[in-house]
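K.L.:
I need the structure of the sequence given here:
(chains A, B and C)
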Amino acid sequence: MQERVAGTVGPAPAGLNLGGAKGVVIAVFVAAVVLFLASTFISPNLVSWSSLRIIIILSGFLAIAAFGQGIVIMTGGLDVSVGSVITLAGVLMAAFVPENNVGFFPAFIGVLVMAGAVGGFSGIGVAFFRIPPFVMTLATGIMVQSAVFGYTQGSPSKSSAPSWLADITTGEIKRIPVFLLVLIVFVAAAVLLQHYSRFGRYVQAMGANSNAAKIAGVRARSMTVLVYITSGLCAGLVGVLLLGFTGAPTLTMGEPYTFGTISAVVVGGSSILGGRGYFLGTVAGALLLTVLSNDITALGLGQGWRTIIEGLVIVGALSSFRMLERRQAA
Amino acid sequence: MTSLLEVRDLGKHFGSTIALRQLSLEVAQGEIRALLGENGAGKSTFVKLLSGLIRPDRGEIRLEGRDYQPTSPVQARERSVATAYQELSLVPYHDVAENFFVGGALGKHHVYRRKAARASTRAILDEFGIQDIEVGAKAGALSLAQQQRLEIARTLHSRPRLLILDEPTAALPDPEWLYGYVEQLAASGTAVLFISHRLAEVRRLCQSVTVLRGGESVYTNQLSAVTDDELFEAMVGRSLGRTLAADAVSRPEPNRAATPVLKVKGFEAGEARVEDLAVAPGEIVGIAALEGQGQKDLFSGIAGVSNRHHGSLEIAGTAIDGRGIVRRLKAGLVYVPEERKTEGILQGLTTEANISISTLRDVVGYFGLVDAKKERERVAAAADLVDINREYLARPIERLSGGNQQKALLARALMTTPQCLLLFDPTRGVDVGTKETMYAVMERFAERGGGILFYSTDLQELVRFAHRVAVMYRGHIVGEMKGEEIREERLVRAMCGYAESEEVRANVVA
Amino acid sequence: MWLRNLRQPAVVAIAIYILMFAVYAGFQGGFAVSPYGLAILANSTAALVFAAMAVSVVMLTGGFDVSVVGIIALANVIAASFQVQSVPGALALYGLVILVGALFGLVNGLFVAYVGLQSIAMTLGTMIVSSGCALLILDTPGGTVPAVISYGLTDSLGVFPIAGIAILCGTALLWVLLRRTTVGLRIYAVGQDATAARASGVNVPRITAVAYVLSGMLAATSGFMLAAQTGTGDPRFDPSMLLLAFAAAAIGGTSFSGGRGSIIGSVVGAGILALMQKTLFVVGVSSFYTGIFQGVLMLVAVVIGRFALAGEEE
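P.N.:
The predicted structure follows:
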């Protein structure tokens, strides 16, 4: 039933070898840039440094969360608890630090551990109880959301994030957003993890052919749990960063990220069937979607159109990749 | 007698595998034709083509003088072609009546009236003398023999003009039941294609026989005019006169006194029931069997791919229970599976990554990152062992030829420094040059003290290569041959169920 | 012989329901069994019942349909956007809603069965698009569902809640469709073994597509019942409704790998979940925490269902 696509993932003697997928990644990047520049037709304000800054930051958040989602999707799963975990992280971070006077670093670690634990919980359900990933993460997501509601009694902490968290996310050094540097470091680490680490190689193997991977000795179950933990950690990180950016947590701060991350992964060329996974493609997808979202807002189109377009983009991307697969397999 | 079925130059390929080359045959009205052939000869592909499940690449089929190009089983049925499949077409959780209804055996309806449907189904079962099956019983709860009879009844009931029976007696303890009905149909003008490897039954029922080999029809004659040996020869493709054992490479006898690298006792997995099988260090043991005789279950059970098995399993002296492919790897057993595409290669990854996947922990450096240089060196060494051009290592593995892919999988297995290699049809679909390379690698492995258990559909290979060959039939080992005893014609006979001894025959039928 | 039937998941579900109802009635007193009390229960159950049925039909073919909640939102919003006064008008509105659901179902079915997209992926896309459409029609919760619908469907016919009658009719119709027609039996067959089904002469892609169309129509009905219950339109899709729908199917014994399941089981499962929600409320559990209960129940149901179904196989 599963058809895998030809396109190299994995280290070659020199650096990244993306093979045929290189084209997709570049195409999406180009599309994002073109779309950005074209938004000047909507409003000249859209093509400005401040606009660019916001786009970079927002798409960066999306990309970070989408890394975890991408890893999960590569193994044939899906994580729809991303939004809830982001909310959890943001709310808890705000609650721990200013109110309870817990040091920033311990709080940060604590929040990440919780986020990872949520992922681990999902992972155990999927790996050991063979609960379909969509169902499992849906349950986890709702449970987490409910827990957050309960903990905050419906009104999250109004205190703001520590100032230097805000600096990381919104600050600038000579007009270059500090966050861009953070993002570059993350992307580098992510690519390293995905393409050059043992973990990444096992994930790729599972994504390519889970049957063969198992026979070749890859521990599928432990890997599955680790994969969901990764997704949880990424979501947790984004929750904290988002808090720094917006200044105060809300109970729905993570919501757009659930489907946003899936869209970014799909549009970036990673088939939702699992298998291929190019984080750079996901980054490009995140960029494209953020620019698109920006333009839609500027056009005054309501949430309705935005959602429709997002949905159509997903279906369109999926179908085109599916057509490509078929043509290659023939 | 006029031709009911005419097939001319039928061709079909799957990817790079050619299933049917240039198949031509003719079957007359009322003729019962046997279709014989080894694994991979093209029988099941031919059946699928006639049944409308797949379409040919080229060639033509004429049925009762008219062009026949079915695009679905429904169209086949409309042209009065009916097939009783080897892989049964019953769904497990519907009861018998529902199965018949869904399959259209009770006519074209939109509404399922339970009482009427059950009555009709009962009538059909009665028509074929099937008394022991309740129409309300779930199909999956029935025994294989019962399911087979249902499949046959359903097919025969439609009174087709062309009847195709694919191994219909495989699970039947009493095939006589079938013959009467088939003969009735033939008497009324139906042409019958009877696929079986049981020559006794074939001679009982059929008038004529066609032998397929390599996707073509190589021999057609009246059964009365041909001996069993001639048929075996046609199936295998060469005169069986000379003993190929003489060609076998002379090599030292394995040390059977030492701890076996692989030992199974009282082993049950799926359909396989193996009482006693051991592979000594340095020994190459081959398994010969027709399709579906339990060999796949045996290998899956030993390899740990399936976890439903009982009995004792020892790898180099270490007892292994339960699943755990990793456990087996650690104990020294590595499995190279049959289906490269679905069980072997990791599509999208480079050949290098494919080869190193089982031994990644050996090339890991700091921070869990793969030491690319070390990996490259080790993989290159392994690739040299199996004679893979180093240039291919950086390419995605699916771009390699089947032979190179197989060699890569072998390299992957060898990198785990195993004591026992478990190979399932390793040279299937592989070119001659690659075969020779693989033989050399396997022999070197055995010389160094490794043990090999391998299943092969290539009898020549088994004769030439193995120290010992065990033949599997219906899940049991029905014959074992050592050294010079191994001959193709003996293998083929055993594979077709001609047991060497009464005792074994009794065991198998039970 | 009928003892074996007792172990059927549907029967177990009914037993659980009766148990829960006893608990609920314990807290609510006689009110629980009064016509008014029953009506309240039926009304709050109806939407989930149809959602569970929708999800189950597709699950029988081995797929997952998550677009159900999007279609529900869209149906809800449509019902809140037309002011009809009479019963024929309400029926026409229902017809429109069903048509929309069928359309989305058809799109799902075509892409999944013929283009070969994975069901989760495709229906995810459709869910997003359909909820986007809902937002287009109504950008924030609001609007009014015509009185003839909101009062009509939540009312009682004597002792019987109309919503309850709707549930019973819907269940009966779907059961007949699935277990007593060619289409239904083929849906089961495709889910059990698509290859065997094809060899038997079933047009697998077509039957699969039909299942998705059915699901769309059932989802639309669910949205319509939701509109009747809330009296207002809400364009936002509800993830917990999705979870509950799958949970209901799991409780009812529908296998996630397809081919097996009982509609009655799913319906009772939905009833259990709706009842649980009410019971929690009555017992005094803060509504913030319902999500946790839903999630836990869902996971427990799935795991138990897995073991129960596995036990049936040899």
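K.L.:
Now the residue nearest the centre of chain A: which helix or strand?
P.N.:
Nearest to the mean C-alpha position of chain A, counting by CA atoms, centre = their mean, stands residue A:66 at 1.4 Å. Secondary structure assignment for residue A:66, by DSSP states H and E: helix A:49-74.
K.L.:
Following the chain past that helix, name the next helix or strand.
P.N.:
Counting by DSSP H and E, what follows helix A:49-74 is helix A:82-94.
K.L.:
does any part of that following helix sit near chain C?
P.N.:
No - shown here: helix A:82-94 not in contact with chain C (CB under 8 Å from any CB of the partner chain), separated by at least 9.1 Å. C-beta: built from backbone N, CA, C; applies to glycine.
K.L.:
what angle do that helix and helix A:49-74 make?
P.N.:
Helix A:82-94 runs at 120 degrees relative to helix A:49-74, counting by axes from the mean of the first three to the mean of the last three CA atoms, to 10 degrees.
K.L.:
contacting residues for the residue nearest to the centre of chain A?
P.N.:
Counting by CB atoms under 8 Å, 6 or more residues apart in numbering or on different chains, residue A:66 touches A:260, A:261, A:264, A:265, A:268, A:282, A:283, A:285, A:286.
K.L.:
For stretch C:134-148, buried residues please.
P.N.:
For stretch C:134-148, the neighbour count (16 or more other CB atoms under 10 Å in any protein chain shown) marks C:134, C:135, C:136, C:137, C:138, C:143, C:145, C:146, C:148 as buried.
K.L.:
just checking: which of these also lie near chain A?
P.N.:
Among these, the residues within reach of chain A (CB under 8 Å from any CB) are C:134, C:135, C:136, C:137.
K.L.:
And the helix or strand hosting the first one, what's buried?
P.N.:
Think residue C:134. For residue C:134, the enclosing helix or strand under DSSP H and E is helix C:119-137. Neighbour-count burial for helix C:119-137 flags C:119-137 (criterion: 16+ other CB under 10 Å).
K.L.:
Give me the residue at the spatial middle of chain B.
P.N.:
Taking CA atoms, centre = their mean, chain B has its central residue at residue B:291, 2.9 Å away.
K.L.:
Assign that one to helix, strand or coil.
P.N.:
coil (DSSP: H, G, I helix; E, B strand; the rest coil).
K.L.:
any idea how far residue A:48 lies from chain C?
P.N.:
28 Å (CB to the nearest CB, to the nearest Å).
K.L.:
Can you pull the phi and psi angles for that residue?
P.N.:
With angles defined as degrees, to the nearest 10, residue A:48 sits at phi -150, psi 170.
K.L.:
roughly how far out does stretch A:170-183 sit from the chain middle?
P.N.:
Distance of stretch A:170-183 from the chain centroid (CA atoms, centre = their mean, to the nearest Å) equals 20 Å.
K.L.:
how about the CA coordinates for it, as CSV?
P.N.:
Taking Å, rounded to 0.1, in the frame of the first residue of the first chain, the C-alpha atoms of stretch A:170-183 are listed here in CSV:
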residue,chain,number,x,y,z
THR,A,170,12.0,40.5,19.2
GLY,A,171,15.4,42.1,19.6
GLU,A,172,17.7,43.3,16.9
ILE,A,173,21.4,43.7,16.4
LYS,A,174,22.1,46.3,13.8
ARG,A,175,18.7,45.7,12.2
ILE,A,176,19.2,42.0,12.1
PRO,A,177,16.7,40.1,14.3
VAL,A,178,18.5,38.3,17.1
PHE,A,179,16.0,35.5,16.5
LEU,A,180,17.4,34.9,13.0
LEU,A,181,20.6,33.8,14.6
VAL,A,182,18.7,31.5,17.0
LEU,A,183,16.9,30.2,14.0
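K.L.:
Show residues contacting it.
P.N.:
A:49, A:53, A:56-57, A:60, A:63-64, A:167-169, A:241, A:244-245.
K.L.:
what's the most distant pair in those residues?
P.N.:
A:49 and A:64 (22.4 Å; CB to CB).
K.L.:
Please say which of those two ends up with more neighbours.
P.N.:
residue A:64 (24 against 11; other CB atoms under 10 Å in any protein chain shown).
K.L.:
which residues touch the closest residue to that one other than its chain neighbours?
P.N.:
Distances taken as CB to CB, 6 or more residues apart in numbering or on different chains place residue A:238 nearest to residue A:64, at 5.2 Å, with adjacent residues excluded. Counting by CB under 8 Å, 6+ apart, residue A:238 touches A:61, A:64, A:65, A:86, A:89, A:254, A:257.
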